[in-house]
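Visitor: 3D, please:
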Amino acid sequence: TEVLWEVKTMVAGELNETHETWYELISDGTVAGAILRFYPGRVDPKYYGVNLIFNYTVTNNYVNITGFSGGDVTKVYKTPTVFNFGSDIAICSGRSAELTLENSETGFSYILQLNGVDLPTQEVAGSDEIPINFNVSSAGTYTVRAFANNCSMMMNGSAVVTVNPNPVLTVSPNVAICVSQSIPLSVSSNQDPKMDYVWSNGATTANITVSPAATTTYTVTGTNRDTGCTATGSVTVTVNPLPVVTITNPSPVCEGDALTLSANITGGSAPYTYSWTRPDNTVDTGSSLNLAPASVSSNGLYKLVVYD
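Guide: Next comes the predicted model:
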């Protein structure tokens, strides 16, 4: 008994060439040619996706020759070419990284994997000689798998993405000062002492002193020297105008007469606090100072300080 095989291609519904170099016949120890070993890698690329017909005939070589035949059909598709992918990268929280597959092929899809799991939203159709870029923002190990027609191949290499936390800044609270006053401002971070600081006025230390002529917002940017991650904070210094004080002074008066010193305030921000100082250094409060009855001992310099 003998088994005779042939492998043919079917194009446009017609069997044409026989391809003897795509297979070899092996005896099972009893019947010659009982086993056909097929080599998909030997298939000419022009026949990818074409029906391949496997026909066999079993014959009996005794005097009375009898036989029967059968067959099978399959298709061979191109295996994706392996291209290089990715390199390790570190990013800051909230940022994204671009991972590149150096090349691709038309007819194949390329899907990004995170820690070995396909990411359905990161599937891209290939195009001959065109690289593919994937944008990612999560930490982990990324790989790429190419596939088509049930053929799949992992691309060469992987990319480890590290996501570093952004620093958190603590900046001085908003504050109000008067014209010509100065105020210290400071900044600190949960990532000190690895931080560098730059203020909007050009200062590069954590602690500064400012004396703005008008209300000003100071912005500070902190950068971690190791990771390059940054954060920004700000503080507003409100500059209030000084109140203008006018004292109503009806003097001179005669001894025994009534005498009242009154303060008229413009500018600043009410309510006001008053501090009168008499010639004998006695301190009084209130918007006016009553000296009645006036006496010679009332003579002298009276001072008033107004706070808003």
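Visitor: what sits against the nearest residue in space to residue 209 that is not next to it in sequence?
Guide: Nearest residue to residue 209 in three dimensions, chain neighbours excluded: residue 184, at 4.9 Å (C-beta to C-beta, 6 or more residues apart in numbering). C-betas here are computed from N, CA, C, even on glycine. For residue 184, the contacting residues are 172, 207, 208, 209, by C-beta atoms under 8 Å, 6 or more residues apart in numbering.
Visitor: and the second one, how far is that from residue 197?
Guide: For residue 207, the distance to residue 197 under the criterion C-beta to C-beta, to the nearest Å works out to 9 Å.
Visitor: the more surrounded of those two?
Guide: Using other C-beta atoms under 10 Å, the more surrounded residue of residue 207 and residue 197 is residue 197, with 21 against 12.
Visitor: quickly find the element holding that one.
Guide: For residue 197, the host element (DSSP states H and E) is strand 195-199.
Visitor: now do that strand, average pLDDT.
Guide: For strand 195-199, the mean per-residue pLDDT is 98.
Visitor: now what about that strand, what contacts it?
Guide: Against strand 195-199 from outside (C-beta under 8 Å, 6+ apart): 167, 185, 187, 189, 204-206, 208, 218-225.
Visitor: which of those count as buried?
Guide: Buried residues within the contacts of strand 195-199, counting neighbours by 16 or more other C-beta atoms under 10 Å: 167, 185, 187, 189, 206, 208, 218, 220, 221, 222, 223, 224.
Visitor: now the second one. Nearest residue, chain neighbours left out?
Guide: Okay, so that is residue 185. Spatial nearest neighbour of residue 185, excluding adjacent residues (C-beta to C-beta, 6+ apart): residue 172 at 4.6 Å.
Visitor: contacting residues around the one you found?
Guide: Residue 172 neighbours (C-beta under 8 Å, 6+ apart): 184, 185, 186, 187, 235.
Visitor: what angle do the strand or helix carrying the fourth one and strand 195-199 make?
Guide: Read it as residue 187. Element membership of residue 187 [criterion: DSSP H and E] is strand 183-189. Strand 183-189 runs at 150 degrees relative to strand 195-199, counting by axes from the mean of the first three to the mean of the last three C-alpha atoms, to 10 degrees.
Visitor: need the CA coordinates for strand 183-189. CSV is fine.
Guide: Only the C-alpha atoms of strand 183-189 are listed here, as CSV (Å, rounded to 0.1, in the frame of the first residue of the first chain):
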residue,chain,number,x,y,z
ILE,A,183,7.0,91.5,54.3
PRO,A,184,8.8,88.1,54.3
LEU,A,185,7.5,85.3,52.0
SER,A,186,8.5,81.7,52.0
VAL,A,187,7.9,78.4,50.2
SER,A,188,8.6,74.8,51.1
SER,A,189,7.8,71.4,49.6
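Visitor: strands of the stretch 51-200 of the chain, residue ranges please.
Guide: 51-59, 67-74, 89-92, 97-101, 109-114, 117-125, 132-136, 140-148, 151-154, 159-164, 169-171, 175-178, 183-189, 195-199 (DSSP state E, counting those that start in this stretch).
Visitor: which among those is found nearest to residue 240?
Guide: Of all the strands of the stretch 51-200 of the chain, strand 175-178 sits nearest to residue 240, with 5.5 Å by C-beta to C-beta.
Visitor: now that closest one: buried residues?
Guide: Buried, per 16+ other C-beta under 10 Å, within strand 175-178: residue 177.
Visitor: now it, how far from the chain's geometric center?
Guide: Relative to the centre of its chain, strand 175-178 is centred 37 Å away, using C-alpha atoms, centre = their mean, to the nearest Å.
Visitor: quick one, what contacts the most centrally placed residue in the chain?
Guide: What sits nearest the mean C-alpha location of the chain, by C-alpha atoms, centre = their mean, is residue 95, with 1.4 Å. With contact taken as C-beta under 8 Å, 6+ apart, residue 95 is in contact with residue 137.
Visitor: which intervals of the protein have sub-threshold pLDDT?
Guide: The chain contains residues with pLDDT under 70 at 1-2, 12-15, 28-33, 60-71.
Visitor: tell me where it has helices.
Guide: Using DSSP state H, the chain contains no helices.
Visitor: which residues touch residue 11?
Guide: residue 50 are the contacts of residue 11 under C-beta under 8 Å, 6+ apart.
Visitor: redo that, cut-off 10 Å
Guide: The contact partners of residue 11, by C-beta atoms under 10 Å, 6 or more residues apart in numbering, come to 17, 46, 47, 50, 51.
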